[in-house]
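1. Structure for this input, please:
(one chain, ligands or ions: 1)
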Amino acid sequence: MKRIFTLLAIVLASSALAQPLATKYGASPLELSSKKQWEKQVRPAVMEFFQQEVYGKVPPTQPKVSFRPLGEGEAFGGKVWRKEVEMTIGTTKALVLIYLPANHKGKVPVFLGMNFKGNHQIAPDPEITISPNAPKGKELGTDPERGAASSRWPVEMITEAGYGIVTLYRGDIDPDFDDGFQNGIHPHFYAEGQTKPYADEWGTIGAWAWSLSRVMDYLEKDKDIDHKHVAVIGHSRLGKTSLWAGAQDERFAIVISNDSGCGGAALSMRKHGETVEAINRNFPHWFCDNYNKYNDNEEALLVDQQGLIALIAPRPVYVASASLDDWADPEGEFLSALYASPIYKLYGKQGLSSKQQPAVGEVDAEGYVGYHLREGKHDINAWDWAHYIKFANKHFFGK
Ligand code: GCU
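-> Next up, the predicted model:
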């Protein structure tokens, strides 16, 4: 392993166009001379680095995963068709909610992403089964929070544009707190005698990302789904998750990160907003234990987060920020998209079209790397989605 990292460091430092490792932004743009060099030498080492030092590896012991279709039916006054599927990982059960345009002809391209508080929160649809581990509503036993997150999931707009939505609740895969990895799916992966992931094994984000790939396994078999046109999407911690899922699994044809910040699209070496130390202190379960080596020591990272974006090349990737989201470092998110763009060039594809961060409310999404800076706070809303739909239309269907 040391050897491969040393090799990467040499390649990065000796490539003709490389900047010094520590630039003004503390990040090295990935500038290499050939696609072959990227694919054969650098990409495998960058992948290994993120697996071993940041998100952690998926352990070799794998539980059985199965899927069981549950009910189907109309939603949104007949405009939308709802399907539900139960995914079982070992003994852990998660519910997958699928919304499709009701009148679709043929297979439907979809956006796949996790939700924060339960499937029933994404829409005021009384038929959505409450995710097994969703937090209970204020009145126990009732579901007053149906549709509470509907501003984040403009279902009608997405389905009217011809896309489906596939979502599952993060807490059904792994609860989002430091439980020593006793709940959720991690224990199903322990070797004999193991009680928690090893230092280079996955945390919660790794488990969430892996589960998105398992949902993709299902989508490949669902006759309603156009599995060649699946865009993986996530907001914030779930945007870190969509990037990592998209980096590892090439079946995701577009990858979208909405306000993913530290440990997502933002460059860590800038130390602007949330830092590696802060994220590991506040969310000790998100990354692998090895990531703690970089607390207040970001310069030691072999490659900054632009390496994560580059792993997605040549597939289209979209990074979005919000103007009031300083904690997620919008400029750092933009710069990693910019610094990953030369890798797209190796494939003859344009990354970002400008070296300037777009102004508030502006978009740079002509190429294979898209970016926008939405006005407003840390969130995902219809404005963001309108641009993701446009990006998908262009890359999936040349529209
Ligand atoms: C916190 C955390 C971020 C994360 C965000 C979210 O603010 O510090 O890293 O992205 O929560 O998931 O909303």
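2. any idea what Glu366 is structurally, helix, strand or coil?
-> Classification of Glu366 by DSSP: H, G, I helix; E, B strand; the rest coil places it in coil.
3. Just checking the distance from the helix or strand encompassing His387 to the centre of its chain.
-> Taking DSSP states H and E as the definition, His387 sits inside helix 382-397. A distance of 16 Å separates the centroid of the chain from that of helix 382-397, by Cα atoms, centre = their mean, to the nearest Å.
4. Correct me if wrong: Thr314 contacts Lys345.
-> For residue 314 the amino acid is Pro, not Thr. No. Using Cβ atoms under 8 Å, Pro314 is not in contact with Lys345, being 9.7 Å away. (Glycine included, C-beta is placed from N, CA and C.)
5. just to revisit the earlier point, same question for the helix holding His387, mean pLDDT?
-> Per-residue pLDDT over helix 382-397 has a mean of 98.
6. For that helix, which residues meet the burial criterion?
-> For helix 382-397, the neighbour count (16 or more other Cβ atoms under 10 Å) marks 383-385, 387-392, 395-396 as buried.
7. helix/strand/coil for the residue nearest to the spatial centre of the chain?
-> For the chain, the residue nearest the mean C-alpha position is Ser242 (1.0 Å; Cα atoms, centre = their mean). What three-state DSSP gives for Ser242 is helix.
8. how about the nearest residue to Leu168, chain neighbours excluded?
-> Leaving aside its chain neighbours, Leu168 sits nearest to Val96 (4.9 Å; criterion: Cβ to Cβ, 6 or more residues apart in numbering).
9. Give me every residue in this protein lying close to the ligand.
-> For the chain, the contact set with the ligand under Cβ under 6 Å from any ligand atom comprises 236-237, 261-262, 274, 279, 327.
10. can you redo those as CSV with neighbour count?
-> Putting the residues of the chain next to the ligand into CSV (neighbours: other Cβ atoms under 10 Å) gives the following:
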residue, neighbour count
Ser236, 20
Arg237, 23
Gly261, 26
Cys262, 28
Glu274, 21
Ile279, 20
Trp327, 16
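11. Check which residues of stretch 304-311 are buried.
-> By neighbour count on 16+ other Cβ under 10 Å, the buried set for stretch 304-311 is 304-311.
12. Convert that stretch to PDB, retaining C-alpha atoms only.
-> C-alpha atoms of stretch 304-311 as PDB (Å, rounded to 0.1, in the frame of the first residue of the first chain):
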ATOM      1  CA  ASP A 304      -7.700  16.400  -1.500                       C
ATOM      2  CA  GLN A 305     -11.400  16.000  -2.300                       C
ATOM      3  CA  GLN A 306     -11.000  16.900  -6.000                       C
ATOM      4  CA  GLY A 307      -9.600  13.300  -6.200                       C
ATOM      5  CA  LEU A 308     -13.100  12.000  -5.200                       C
ATOM      6  CA  ILE A 309     -14.700  14.000  -8.000                       C
ATOM      7  CA  ALA A 310     -12.100  12.800 -10.400                       C
ATOM      8  CA  LEU A 311     -12.900   9.200  -9.600                       C
END
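13. ok and the residue in the stretch 51-200 of the chain nearest the ligand?
-> Nearest residue of the stretch 51-200 of the chain to the ligand: Phe116, at 7.8 Å (Cβ to the nearest ligand atom).
14. residues in contact with that residue?
-> 149, 169-170, 235, 238 (Cβ atoms under 8 Å, 6 or more residues apart in numbering).
15. can you pull out the strands in the chain?
-> Remark: strands assigned in the chain by DSSP state E are 65-75, 80-89, 92-101, 108-115, 164-169, 225-235, 254-258, 317-322, 363-364, 369-374.
16. With Phe189 as the reference, name the closest of these.
-> strand 80-89 (9.4 Å; Cβ to Cβ).
17. now the closest one: how far from the chain's centre is it?
-> 20 Å.
18. In it, which residues are buried?
-> 80-87, 89.
19. mind checking how far the closest residue to Leu302 other than its chain neighbours is from the ligand?
-> Closest residue in space to Leu302, ignoring its immediate chain neighbours: Phe49 at 4.9 Å, by Cβ to Cβ, 6+ apart. Using Cβ to the nearest ligand atom, to the nearest Å, Phe49 is found at 20 Å from the ligand.
20. What score does Phe49 have for pLDDT?
-> pLDDT, read off for Phe49, is 93.
21. same question, Phe76
-> Phe76 is given a pLDDT of 98.
22. how many neighbours does it have?
-> 17 (other Cβ atoms under 10 Å).
23. excluding its backbone neighbours, what's nearest it?
-> Phe76 sits nearest to Glu156 (Cβ to Cβ, 6+ apart), 6.1 Å away.
24. Now tell me what touches stretch 377-387 from outside.
-> In contact with stretch 377-387 (Cβ under 8 Å, 6+ apart) are residues 151-152, 154, 157-158, 235-236, 258-259, 318, 320, 322, 324-325, 327-328, 363, 365, 370, 372, 374.
25. Now do that stretch: distance from first to last residue.
-> Length of stretch 377-387, first residue to last, Cα to Cα, to the nearest Å: 17 Å.
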